[in-house]
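K.L.:
sequence first, then the predicted structure, then my questions.
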Amino acid sequence: MIVLPVYKPQEYQTKLTREQKQAVGLLSVGTFLEYFDLMLYIHMAVLLNELFFPKADAHIAQLLSAFAFCSTYLLRPVGAIIFGYIGDTLGRKHTVIITTVMMAISCIVMASLPTYAQIGLTASYTITVCRIVQGISSMGEMVGAQVYLTETIKRPIQYAAVSFASNFTAVGSLAALGVATLATSSLSPLNWRLAFIIGAGIALVGSYARKALRETPEFADARRRLVIGKATSTKKVNIKTIIAYLGIECAYPVWFYIAYVYLSTVLKNKFGLTHHEVITNNLYVVIAGSLSGFYQCILVRTIHPFKILNIKLVVSYILALAFVLIDYMNSPIQIMILQMCIIIFQTSSFPAMSIFFKHFPVLQRFKCATITNAISRTLMSIVTTFGIIYLVKYCGYFGISIVVFPMLIGYTIALRYFQKLEKINNNPEKMKTDDTFDNKNQNPVY
């Protein structure tokens, strides 16, 4: 049972101010632009991998595709350290501007890059570097927007505001799929190069628009207190909290790869769908995911986010067993339904991101969130992509379940940990006796 929080008057907010609405709008648009550019390549990978990587047998081609996917997350931990420092030292605003500029530059390079047939492996290396840059910038962008709104808006409207802006990652992916659908259509004058040029242009517009943002009051106050000597930046981060948050974040990359990358390969190899047909199929999946995300934004106005996560967790265990049925699926529609179920009910931090962030100290929050997010993406993208390839080869489609179940168990343990922290936060009597809290000030000890 989830204990709903009891808010102090100064911590309670049910309506957004005009300035907060502007911040939500700017960050939502920026997140949309950033993920439009990031997902444009992923959703066109069935076409672009053939242009930028050498052709080989089916197994080698699948490995190359997996490597291209992993390259998006390869150096994210390095980017997390850089953006973590910028976000916790210079501020959240600077981070979200820098990330959009990085994304625009990588799109310009990709739009003008010659293919493998023209310049050989140089094309493969360059496209991989561009994917790495995009992966790094998208991480700083997403976490930056979420932390910014978490520190600007109070609960409970905070849950809906942060979730609303975060769901524009799905809307950006939807737009990318729409463009990819046109770019791969034989009847459309739009080609993939023009699509990346469009992506670069809108990213630059987004970075300029974000100059209107102000720094978050919570971060500004923490920095001010540090400067005048009333606070310290060396608060200890609870290792258990970091590990638990890692368990939460490890779920998303597993579901994402299965739904959009691996099952797209199944559609292509098992059912003979063309590049355009696979992309169109995924377009419907993203539409379902986007609508589901916005519906959850409405739900969190009246239902605690942890209740939603528990429901999705139960359904995810059922989905983990459903992969053995792929052998018996004889229609692309059945695969699409499975993809939709994964995207709608996948375990992740959504829509409870702001709750997790609040358990990190302000002046280390951005660093903790970005580094944990980056490690989870890097680790799980490698484990999932290459693990599924070999496990399915030797165990059939049950190999997918072998990857999913340990992830779900870790997620379950992590979610229970944060639920316990929330109950302690909302139970002043328990706070006085619990070792996790400073008995004198009744504040979390990080």
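P.N.:
Received, thanks. Computed from a prediction, not measured in an experiment: that's the story for all the values here.
K.L.:
so where is the chain shaky, pLDDT-wise?
P.N.:
Within the chain, the segments meeting pLDDT under 70 span 1-11, 43, 45-46, 55-74, 184-190, 227, 229-235, 426-446.
K.L.:
any buried residues in the longest helix along it, and which?
P.N.:
Scanning the chain for the helix with the most residues, using DSSP state H, yields helix 362-395. For helix 362-395, the neighbour count (16 or more other Cβ atoms under 10 Å) marks 362-385, 387-389, 391-392 as buried. Glycine gets a C-beta too; all of them are placed from N, C-alpha and C.
K.L.:
now swap in stretch 398-416 and tell me
P.N.:
Buried, per 16+ other Cβ under 10 Å, within stretch 398-416: 399-401, 403-404, 407-408, 410-412, 414-415.
K.L.:
need these in TSV with distance to Val278, can you?
P.N.:
Converted to TSV, those look like this (distance: Cβ to Cβ, whole Å):
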residue	distance to Val278
Gly399	21
Ile400	18
Ser401	23
Val403	22
Val404	22
Met407	25
Leu408	27
Gly410	31
Tyr411	29
Thr412	33
Ala414	33
Leu415	33
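K.L.:
so which of the residues you listed sit within helices?
P.N.:
399-401, 403-404, 407-408, 410-412, 414-415.
K.L.:
hang on, the earlier thing: farthest-apart pair in the buried residues of stretch 398-416, please.
P.N.:
Gly399 and Leu415 (25.5 Å; Cβ to Cβ).
K.L.:
give the next helix or strand downstream of the helix or strand containing Ile98.
P.N.:
Using DSSP states H and E, Ile98 falls within helix 92-112. Using DSSP H and E, the helix or strand that follows helix 92-112 in sequence is helix 116-119.
K.L.:
just the C-alphas of that next one, formatted as CSV.
P.N.:
Written as CSV, here are the backbone C-alpha positions of helix 116-119 (Å, rounded to 0.1, in the frame of the first residue of the first chain):
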residue,chain,number,x,y,z
TYR,A,116,30.3,3.4,-47.2
ALA,A,117,30.2,2.8,-51.0
GLN,A,118,31.9,6.2,-51.5
ILE,A,119,34.5,6.4,-48.7
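K.L.:
how far off helix 92-112 does the helix or strand just after that helix point, in degrees?
P.N.:
Going down the chain from helix 116-119, the next helix or strand is helix 121-152, by DSSP H and E. Angle of helix 121-152 versus helix 92-112, following axes from the mean of the first three to the mean of the last three Cα atoms, to 10 degrees, is 160 degrees.
K.L.:
list the buried residues for helix 121-152?
P.N.:
Of all the residues in helix 121-152, those buried under the rule 16+ other Cβ under 10 Å are 123-124, 126-128, 130-152.
K.L.:
what's the answer for stretch 77-89, then?
P.N.:
Buried, per 16+ other Cβ under 10 Å, within stretch 77-89: 77, 79-80, 83-84, 86-88.
K.L.:
from these, which land in helices?
P.N.:
Reading helices off the buried residues of stretch 77-89 with DSSP H, I get 77, 79-80, 83-84, 86-88.
K.L.:
now render the residues you listed as CSV, adding distance to Phe36.
P.N.:
Conversion of these to CSV gives the following (distance: Cβ to Cβ, whole Å):
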residue, distance to Phe36
Pro77, 25
Gly79, 19
Ala80, 22
Phe83, 20
Gly84, 25
Ile86, 23
Gly87, 23
Asp88, 28
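K.L.:
now do the contacts for Ile344.
P.N.:
Contacts for Ile344 were tallied using Cβ atoms under 8 Å, 6 or more residues apart in numbering; they are 288-289, 292.
K.L.:
confirm that it sits in a strand.
P.N.:
No: Ile344 sits outside any strand when classified using DSSP: H, G, I helix; E, B strand; the rest coil, being helix.
K.L.:
what about the helices in the stretch 151-300 of the chain?
P.N.:
157-166, 168-183, 192-209, 217-227, 239-249, 251-256, 263-271, 275-299 (DSSP state H, counting those that start in this stretch).
K.L.:
check the offset of the shortest one from the chain's centre.
P.N.:
The gap between the average C-alpha position of helix 251-256 and the chain average comes to 9 Å, counting by Cα atoms, centre = their mean, to the nearest Å.
K.L.:
begin at 267, not 1, for the rest of this chat.
P.N.:
With the count now opening at 267, the last piece we talked about shows up as helix 517-522.
K.L.:
buried residues in stretch 364-374, which are they?
P.N.:
So stretch 364-374, judged by 16+ other Cβ under 10 Å, has buried residues 364-366, 368-374.
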